[in-house]
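Enquirer: Show me how the following folds:
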Amino acid sequence: MLLEFKNVRWKNLLSYGDYWSEFNFSNGVDLVLGSNGNGKSVLSEAIFYSLFGKPYRKIKLGSLVNRMKGKNLEVQIEFTSNNKEYIIKRGNKPAIFEILEKVDDEYKIVPQRASTKEYQTMLENEILNVNETIFRQLVILGANLPSSKPFLELSQQEKEEIFQVVTDTSIFGYMNTVIKEKLHTYKDEIKDLEYKKEILESSIKSEEIMIKQAEDRNLFFENNRDKKIQDTKDRILVEEKEIENINSIIENLKIEKNNYIELQSKIELYQSKLDERIKKDNENIKDIQKNVNEIDTKLQEQNEKYNEILKHNVSNDFENESNEIKKTLEEIHIIEYKIQKIDIAKKNSIECKSCGHTNYLDNFLKDIIEKDIEQEEYFIETLKTLKDEVKTLESELNEKVKKAQEDKDLKLQEIENNKKTLYKEKTDLELKISEIKNRISSLDYDEKQNVISLEEAFNKSKSVLIDGKHQVSQKTKILELIQKYKEELNELQSLESVKINYDDFNNKKQELTEVLGILSLNKDKEKEFKELLELIGSGNLKGYIIKSQIPFLNKAIQYFLELFSMLEYNFVIDENFKEQIIARDMDNEFNQLSNGQKARISFSIMFAFLKLIEERNGVKTNLLILDEILDSSVDNVGRDDLLKIIKEEFSDKKDIVIISHNPEIKEKADIFNRVVTITKDDYSRISID
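Expert: Predicted coordinates:
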């Protein structure tokens, strides 16, 4: 896989303003110089953001947008991957994410996916063939960045991920996922088949019982069966005769259809002669039609106003009066209830003949009799008064509702009058249009008469065809009816006995046999995939491939350690990605080493990975960026060794970009092909020597 970057350009990114800044890549060593804060590392940010949609450093995504402008951040990067040319456009405020592929000398957008996340995954897996973790380790190396830790400080999972991509064994991870998904699928299918087997077995058992019962009761079905059969046959004959008549009509329609097509062609021919003369008048019609449309808008407004008034329920305006009537009716109900209880008490009372005292049979009425019986006449009078009051209130309310309804009707009538006026104006304008059209139609009497004659014949033919369509539709309905009668006839003719569906029963038994076969096959497949999953695991094929690459990697690391003059150190990585650092026959831990020694080992590992990718896997990239690595990670001797290694080992194949704020590095003029200076006033700017 060849990943070759051509150029990157940006605007409104960090300290750069609303203008395009561009960096072209070519083989050799480039030095990017500038004071702290001038915008040197924007190159790394531009490349990383364009490819992965996130900052290279640990800052918020929104912080990439230039603070003074506050919008229109855009980055474009151009590169080739596997001999295909691409441009990625990415931006913020507004958001931009487009992938363009060069096809036939023209860049075309690669179709978007369902989500931005899926689009990004497609970019990394299908085009770049590298993720951000690998990119940080093999393309951009930054000093003192938590996101750019040395290989030896990565977690076991991160180390394995990098090594899988480098050795092209990431396919086993993909296969592992696919096989597990297959196993899950087979597990679900086996579960479904087991369930289906149980259902079929239960259904077959039930149908065996039903078939036995049907065979026992297969005696006779009479009830005028012969007469119904004959009636159905007669109906079928009548409908089939109608089908014959319709078929005859349809045959005639074929001739009429040819006539229809011929007439249509003639009309189009004559009409084309009139079109040119009609063109000028049509412009006038358009102007008038514009006025008609304005009237239609006003009519729409009147209709909306009309509907709004029409929907209004005037009764809702008199809610208080209605509530007052309801309240009075409740009082009437209470008084009627009291009078009713008094009547009940009287009916259930007994007068003592000896003492004349009245006794009440129902104790619960005693209090009412003692307190309220003397008010009976008052209750009756009050009840009459309240009823009269309710009657008056209801009458007044009805009058108010009637008056409100009349007002509503007046408003509606007023709108109707307005609409009539508008319709009158519209009619007048449409009359003008009609006059123009009449003038158009009278342009050439002979041609017009020809068109009219043809149109009459055409409309007549069209009418015949429309009727023919009705006949065809009617034929379909009759055929459906005949089919229905035939089904009824078949059903009647089979009424001698209940038809037992042996086929369905046998089919279910056959289906059960097939399900058992598929179930057995799926269980075998499940076993095969389990064995395959074990085969590609770390302890087998995948482990063998990784193990075969380890010696080359260790040899390459040792080669670069020697170039760094670290002859006393022996560095070994085993197939479990565990490292051993031996110096003077003693094991050393990475964190026990000095920063310079750590840097030399980290560079040796990084360069060894690059060699492994290029020489063993055919994976190449033309870009390596060292972002302030020479300023803080190595001493002067180590820096000189690093520059020498870069120049001799990689500069003929890669564009090595060294970013630094140390002007002393510029003294190594023989190392660098170009010196890029970053300056800043209000905004940062690039200057290439």
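Enquirer: Check what contacts stretch 505-525 and list those residues.
Expert: 186, 189-190, 193-194, 196-197, 200-201, 203-204, 207-208, 211 (Cβ atoms under 8 Å, 6 or more residues apart in numbering). In short, each C-beta sits where N, CA and C put it, glycine included.
Enquirer: Check which residues of it are buried.
Expert: Neighbour-count burial for stretch 505-525 flags F505, K508, L512, V515, L519, N522, K525 (criterion: 16 or more other Cβ atoms under 10 Å).
Enquirer: one step back: which of the contacts of stretch 505-525 are buried? Put it as a PyMOL command.
Expert: Buried subset of those, written as a PyMOL selection, criterion 16+ other Cβ under 10 Å:
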select buried, resi 186+189+190+193+196+197+200+207
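Enquirer: quick one: low-confidence parts of the stretch 401-550 of the chain?
Expert: Along the stretch 401-550 of the chain, the parts satisfying pLDDT under 70 run over 440-471, 492-499, 533-546.
Enquirer: Would you map the helices across it?
Expert: Ranges of helices in the stretch 401-550 of the chain, per DSSP state H, counting those that start in this stretch, are 445-493, 502-535, 541-563.
Enquirer: Give the pairing partners of the next helix-or-strand element following the shortest one; include direction for each.
Expert: Think helix 541-563. Counting by DSSP states H and E, the next helix or strand C-terminal to helix 541-563 is strand 569-573. Strand 569-573 sits in its sheet next to strand 579-583 (antiparallel), going by DSSP bridges.
Enquirer: ok now the partner strand, how far from the chain's centre?
Expert: Relative to its chain's centre, strand 579-583 lies at 53 Å (Cα atoms, centre = their mean, to the nearest Å).
Enquirer: now swap in stretch 122-133 and tell me
Expert: Relative to the centre of its chain, stretch 122-133 is centred 23 Å away, using Cα atoms, centre = their mean.
Enquirer: For it, list the C-alpha coordinates in CSV.
Expert: In CSV, the C-alpha atoms belonging to stretch 122-133 read as follows (Å, rounded to 0.1, in the frame of the first residue of the first chain):
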residue,chain,number,x,y,z
MET,A,122,-14.6,4.1,5.6
LEU,A,123,-11.8,6.7,5.0
GLU,A,124,-9.5,5.0,7.5
ASN,A,125,-10.2,1.4,6.6
GLU,A,126,-10.7,1.6,2.8
ILE,A,127,-8.6,4.5,1.7
LEU,A,128,-5.9,5.4,4.2
ASN,A,129,-5.6,1.8,5.6
VAL,A,130,-4.2,3.4,8.8
ASN,A,131,-5.9,4.7,12.0
GLU,A,132,-4.9,7.7,14.2
THR,A,133,-2.9,5.5,16.6
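Enquirer: buried set for it?
Expert: M122, L123, E124, I127, L128, N129, V130, N131, E132.
Enquirer: out of those, which are inside strands?
Expert: Among the buried residues of stretch 122-133, no residue falls in strands (DSSP state E).
Enquirer: mind putting the residues you listed in TSV, distance to I601 and pLDDT included?
Expert: Formatted as TSV, the buried residues of stretch 122-133 follow (distance: Cβ to Cβ, whole Å; pLDDT from 0 to 100):
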residue	distance to I601	pLDDT
M122	36	91
L123	33	91
E124	29	88
I127	33	90
L128	28	87
N129	27	81
V130	23	79
N131	24	80
E132	23	82
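Enquirer: So which of those is the closest to S35?
Expert: Distance to S35 across the buried residues of stretch 122-133 (Cβ to Cβ) is lowest for E132, with 28.7 Å.
Enquirer: The closest one contacts G53, doesn't it?
Expert: No: using Cβ atoms under 8 Å, E132 is not in contact with G53, being 9.5 Å away.
Enquirer: and the gap between D104 and E78?
Expert: 17 Å (Cβ to Cβ, to the nearest Å).
Enquirer: Who are the packing partners of the strand or helix carrying H333?
Expert: Using DSSP H and E, H333 sits in helix 319-347. Helix 319-347 sits against helix 366-372, helix 376-441, with contacts defined as 3 or more Cβ pairs under 8 Å, 6 or more residues apart in numbering; DSSP states H and E.
Enquirer: how about those helices in CSV, adding mean neighbour count and distance to E628?
Expert: Output for those, formatted as CSV (neighbours: other Cβ atoms under 10 Å; distance: least, Cβ to Cβ, whole Å):
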stretch, mean neighbour count, distance to E628
helix 366-372, 13, 102
helix 376-441, 14, 77
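Enquirer: nearest to N66, of these?
Expert: helix 376-441 (56.7 Å).
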